[in-house]
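**Q** give me a model of this one.
(chains A, B and C)
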Amino acid sequence: MSEGNPLNSTREQRDAKRKRLNSSKSKYDSENTIKRMKEESEDSSGKRKTVTIEANEVKQEVKAKRKRNDSDSEVDIKKQKEDSSNKEDKELWTTLEHNGVYFPPPYVPHNVKMKYDGKEITLEPEAEEVASFYAAMLGTNYVPNETFNRNFFKDWIKVIKKSKNVYNLDFEKCDFTPICEYLEQEKERKKNMSKEEKAKLKEEKIKLEEKYGYCLLDGRKEKVDNFHIEPPGLFRRQVQPEQVTINISKGAKIPSPPEGHKWAGVVHNPTVNWLATWKDINGKIKYVYLAANSSLRGLSDEKKFEKARELKQHIDKIRNDYQTNLRHKNTDTCQMATVMYLIDHLALRVGNEKDTNEEADTVGCCSLRPEHINLIPPNTVKFEFLGKDSIEYINTVEVEDQVFRNLSIFMEGKDERKDLLFDKVNPQKLNKHLSSYMTGLTAKVFRTFNVSTTFQTLLKKLTNDDMSIDEKKKVYNQALQQVLDLCNHQQKISTQSYYIDPRISVAWCLKHCVPYDDETAPNQDHLKHSQSDSGGDKDKSIEKGGSDSTITYQEQPQYAQQVSKILQDKKIFNKSLCNKFKWGMNIDADWVCKLTH
DNA sequence: CCATATAAGTCTGAGGAGGTGCG
DNA sequence: CCGCACCTCCTCAGACTTATATG
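**A** The predicted structure follows:
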């Protein structure tokens, strides 16, 4: 663990090497938006990718063969798997049936002729389709961009060369406006469609939803999240069934691929909860999952919030430790402590390493560079960087003197723009360290924990029993907004606050906004704790932690039913609102308000 | 406004590279 | 000095969550 050991230097060398390698990859441009739309063409990076994929496949085959040789039969492999999986290779389901994924219908040519050098030319359907994608972009600010045009043109020529109407084209002489005009007309026509036509479209959509939108999970009908395969686009070819792997239980009817096609594979893997998977054009893996309100997702949501609640029992020790270690003379330990301080206080994301060239330059805590912070003596730090989704994080905070000192030390002698502020810490190390306090503790849990805790504390502090419903609604929104600000969320007052334990909302709502008769009231024993000390000392009820202070997930649907029944009987609660009151769904102030009116 | 689409994050585990210790 | 067993650390694909954009 000593500093400057040979291990570190070799690692640094390797990193440097990799960086050099990366930067030698050809790239056309640096603009984010266009990045996504580029290079499906055979430039060096594309080639490299395919090579690695092939290499991996070969490796995997070799491995599989070795395994087969070792154990001679498939049965043995299974046994081995079962034996080794007694850790916690949990099966998520026993049976799973579904109808696969939906592919967009094949392209229907419009036969509108574009012009070349003033003359009409005829394109084969595929070439016409790509030309139309481009034509639809006329008038956007992509079109004056040379890189964009070059990439499009290269792609398009490739498509054209496949067809029988081979043209030798010069981009400058292409005129896409006829197609563009046609597309505009079509748009207009669709807008003005008759009621019957619209109804028909809707009906078709519903039909699709019935077929693909549900699956049978352990015999229960459950909703599927997004079963559509993305339609093709300007730089995106249609994903074919041959690329798609289906996951389904053994013996279940295998969904039929579109006519004339077959699936890449059919697997029976109960340890994952995707129904289908494929790779998109950039090699990114896509999945079809169950819907957010399905039992599996609900369960994993529950686990998430349980983890956050569990953290309450360890947070004191964790905080004590990093406070002490802020002064540790070992740089590794000291950096780790500083990172933890920031994650705990500012709810920063962990900041995984990203591919420097391919992606936007966004950062999280571990990937901060000196340029992202500004130290203002005596102890103020101004953070200014792009976070997830390139959302600006600008925050000026006062930190402890020791943190301030640490940051200035970590900045010393570093390249503002290239070096990492915390060069001795990475997300893996951090999470490994965190998990030594509590299994499953990762940086992400701190966000859930911080937000839920803050929310609950604020609600308790701001609410008092004599408030009118409107005042309560206002207070709820205030608390929610503060919590969203903590996360640097852009969307204002969101109904889907993934970070807030919905039990907090439910508990608050039941306590403050739902009028009960004694006879009809659901059992509120679980709430006693939070009730008894409301108005009293804020922190204790939260810190106490155990599942006795708020409703548990198992109880929540039951509560929902009871509460909604009461409210429906009293005609202050309708069905659509009832649907909101389900697993994982947070409750917003409007909902609370509607509840009681 | 809401639901949906899908991009962009986090985190894990397997397997490889390379170090270390021992006969 | 080699060769092997063992360890540790790193990397990356894969799986799953969280966000904003969009229609």
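**Q** hey, let's count contacts and neighbours off CA atoms from now on
**A** Will do.
**Q** how about stretch A:457-468: buried residues?
**A** Buried residues in stretch A:457-468, counted by 16 or more other CA atoms under 10 Å: A:457-463.
**Q** nearest to DNA strand B, out of these: which one, please.
**A** Nearest to DNA strand B out of these is A:Leu459 (CA to the nearest atom of the strand; 21.1 Å).
**Q** now, which of the buried residues of stretch A:457-468 lie within helices?
**A** A:457-462 (DSSP state H).
**Q** export these as a markdown table, with columns for pLDDT and distance to A:Leu484.
**A** Shown next, in a markdown table, are those (pLDDT from 0 to 100; distance: CA to CA, whole Å):
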| residue | pLDDT | distance to A:Leu484 |
| --- | --- | --- |
| A:Thr457 | 91 | 14 |
| A:Leu458 | 91 | 13 |
| A:Leu459 | 89 | 14 |
| A:Lys460 | 87 | 17 |
| A:Lys461 | 91 | 17 |
| A:Leu462 | 91 | 17 |
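**Q** ok, and of the residues you listed, which contact DNA strand B?
**A** Taking CA under 7 Å from any atom of the strand as the test, DNA strand B is in contact with none of those.
**Q** how long is stretch A:380-397 from one end to the other?
**A** 6 Å (CA to CA, to the nearest Å).
**Q** do you know how far A:Ala333 is from DNA strand C?
**A** Let me fix one detail, which is that residue A:333 is Thr and not Ala. From A:Thr333 over to DNA strand C the distance is 13 Å, taken as CA to the nearest atom of the strand, to the nearest Å.
**Q** so who does that residue touch?
**A** Neighbour list for A:Thr333: A:325-326 [criterion: CA atoms under 8 Å, 6 or more residues apart in numbering].
**Q** let me know the pLDDT of it.
**A** Looking at A:Thr333, its pLDDT is 92.
**Q** any idea which element it lies in?
**A** Using DSSP states H and E, A:Thr333 sits in helix A:331-346.
**Q** would you mark the buried spots in that helix?
**A** A:331-344, A:346.
**Q** so is it next to DNA strand B?
**A** No - legend: contact between helix A:331-346 and DNA strand B by CA under 7 Å from any atom of the strand is lacking; minimum distance shown is 10.6 Å.
**Q** over to stretch A:293-302?
**A** No - using CA under 7 Å from any atom of the strand, stretch A:293-302 never reaches DNA strand B; the gap is at least 10.2 Å.
**Q** alpha carbons only: can I get that stretch in CSV?
**A** Extracted in CSV, the C-alpha atoms of stretch A:293-302 (Å, rounded to 0.1, in the frame of the first residue of the first chain):
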residue,chain,number,x,y,z
ASN,A,293,-44.9,-2.2,-12.0
SER,A,294,-44.3,-6.0,-12.4
SER,A,295,-43.7,-8.1,-9.4
LEU,A,296,-40.0,-8.6,-10.2
ARG,A,297,-39.3,-5.0,-10.7
GLY,A,298,-41.3,-4.2,-7.6
LEU,A,299,-39.4,-6.6,-5.6
SER,A,300,-36.0,-5.2,-6.7
ASP,A,301,-37.3,-1.8,-5.9
GLU,A,302,-38.2,-3.0,-2.5
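**Q** okay, buried residues for that stretch please.
**A** A:293-298, A:301-302.
**Q** quick one: which of those sit in helices?
**A** A:295-298, A:301-302.
**Q** quick one, domains of chain A?
**A** Split into domains by automatic domain parsing, chain A comes to A:28-81, A:91-291, A:315-437, A:445-595.
**Q** using a markdown table, lay out those together with distance to A:Glu306.
**A** Output for these, formatted as a markdown table (distance: least, CA to CA, whole Å):
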| stretch | distance to A:Glu306 |
| --- | --- |
| domain A:28-81 | 29 |
| domain A:91-291 | 19 |
| domain A:315-437 | 14 |
| domain A:445-595 | 9 |
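**Q** weakest of the ones you listed in terms of mean pLDDT?
**A** Minimum mean pLDDT among these: domain A:28-81, a mean of 36.
**Q** separation between the residue nearest to A:Ile160 when sequence neighbours are not counted and DNA strand B?
**A** Computed as CA to CA, 6 or more residues apart in numbering, the closest residue to A:Ile160 that is not its neighbour in sequence is A:Ala127, at 5.5 Å. A:Ala127 sits 21 Å away from DNA strand B, going by CA to the nearest atom of the strand.
**Q** quickly find the element holding A:Ala127.
**A** Taking DSSP H and E as the definition, one finds A:Ala127 inside helix A:125-135.
**Q** what's that helix in contact with?
**A** Here helix A:125-135 makes contact (CA under 8 Å, 6+ apart) with A:107-109, A:111, A:152, A:156, A:159-160, A:163, A:176-177, A:179-180, A:233-234.
**Q** one more: stretch A:393-401?
**A** Against stretch A:393-401 from outside (CA under 8 Å, 6+ apart): A:378-387, A:488.
**Q** go again using 6 Å as the cut-off
**A** A:379-386 (CA atoms under 6 Å, 6 or more residues apart in numbering).
**Q** what parts of the stretch 351-500 of chain A come near DNA strand B?
**A** Residues of the stretch 351-500 of chain A found near DNA strand B (CA under 7 Å from any atom of the strand) are A:351-353, A:359-360, A:362, A:364, A:387-390, A:427-428, A:431-432, A:440-445, A:495.
**Q** turn the buried ones among these into a named ChimeraX selection, would you?
**A** To isolate in ChimeraX the members of these that are buried, counting by 16+ other CA under 10 Å, one can use:
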select /A:351,360,362,364,387,427,431,432,440,441,442,443,444,445,495
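**Q** inside helices: which ones of the residues of the stretch 351-500 of chain A next to DNA strand B?
**A** A:427-428, A:431-432, A:443-445.
**Q** for the stretch 251-400 of chain A, which segments count as strands?
**A** Under the criterion DSSP state E, counting those that start in this stretch, the stretch 251-400 of chain A contains strands at A:265-267, A:274-279, A:285-289, A:373-376, A:380-386, A:392-398.
**Q** and A:Val350, what is it in contact with?
**A** A:Val350 neighbours (CA under 6 Å, 6+ apart): A:364-366, A:443.
**Q** reformat the ones in helices among the buried residues of stretch A:293-302 as a markdown table; add pLDDT.
**A** Below are these laid out as a markdown table (pLDDT from 0 to 100):
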| residue | pLDDT |
| --- | --- |
| A:Ser295 | 80 |
| A:Leu296 | 85 |
| A:Arg297 | 82 |
| A:Gly298 | 77 |
| A:Asp301 | 80 |
| A:Glu302 | 78 |
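**Q** follow-up on the earlier one: so which of the strands of the stretch 251-400 of chain A is the most packed in?
**A** Greatest average neighbour count among the strands of the stretch 251-400 of chain A goes to strand A:274-279 (a mean of 20), per mean count of other CA atoms under 10 Å.
**Q** could you check how far the residue of the stretch 251-400 of chain A found nearest DNA strand C is from DNA strand B?
**A** Nearest residue of the stretch 251-400 of chain A to DNA strand C, counting by CA to the nearest atom of the strand: A:Val272, 3.7 Å away. For A:Val272, the distance to DNA strand B equals 12 Å [CA to the nearest atom of the strand].
**Q** where does the stretch 401-550 of chain A come near DNA strand C, residue by residue?
**A** Near DNA strand C, when you scan the stretch 401-550 of chain A using CA under 7 Å from any atom of the strand, you find A:428, A:448, A:487-491, A:497-499.
**Q** report the buried members of these.
**A** In these, burial by neighbour count holds for A:448, A:487-489, A:497-499, counting by 16+ other CA under 10 Å.
**Q** nearest residue to A:Ala308 other than its sequence neighbours?
**A** A:Phe449 (4.8 Å).
**Q** quick check: angle from the helix or strand containing the one you found to helix A:331-346?
**A** Taking DSSP H and E as the definition, A:Phe449 sits inside helix A:443-462. Angle, helix A:443-462 to helix A:331-346, by axes from the mean of the first three to the mean of the last three CA atoms, to 10 degrees: 40 degrees.
**Q** in the helix or strand hosting A:Ile409, what counts as buried?
**A** When elements are assigned from DSSP H and E, A:Ile409 belongs to helix A:401-411. If you call a residue buried by 16+ other CA under 10 Å, then helix A:401-411 has these buried ones: A:403-407, A:410-411.
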